[in-house]
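>>> Here is my input; please provide its structure:
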Amino acid sequence: MSLRIKAVVDKFVQELKEALDADIQDRIMKEREMQSYIEEREREVAEGEAAWKAELSRREVLFRS
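A predicted model of the protein is given here:
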């Protein structure tokens, strides 16, 4: 293989590796963002559930009185 062709192929391979690495990093960041979003929604649901249970408990105490 001539040196010129090898240089072109090597450059292509290097650019491909860089593009793949960038894509992997993007996917990792998106996954982390999605996980953070899911955790935040789960916290909100848990807080709402706790508030609902507290209100239900309060009403049961009032009802029994």
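>>> what ranges do the helices span in this structure?
Here the chain has its helices, by DSSP state H, at 3-64.
>>> quick one: low-confidence ranges for it?
Counting by pLDDT under 70, the low-confidence segments of the chain come to 1, 65.
>>> try 80 this time
Along the chain, segments meeting pLDDT under 80 span 1, 62, 64-65.
>>> Can you pull up the most central residue in it?
In the chain, the centroid-proximal residue (C-alpha atoms, centre = their mean) is residue 34; its distance is 2.5 Å.
>>> Residue 31 - how many residues pack around it?
10 (other C-beta atoms under 10 Å). Placement of C-beta: from N, CA and C, glycine included.
>>> Please apply the same query to residue 39.
For residue 39, using other C-beta under 10 Å, the count is 10.
>>> and it, how far is that from residue 56?
Taking C-beta to C-beta, to the nearest Å as the measure, residue 39 falls 26 Å from residue 56.
>>> and if you look at residue 40?
Here the criterion is C-beta to C-beta. By it, residue 40 lies 25 Å from residue 56.
>>> Next: residue 32.
In terms of C-beta to C-beta, residue 32 sits 36 Å off from residue 56.
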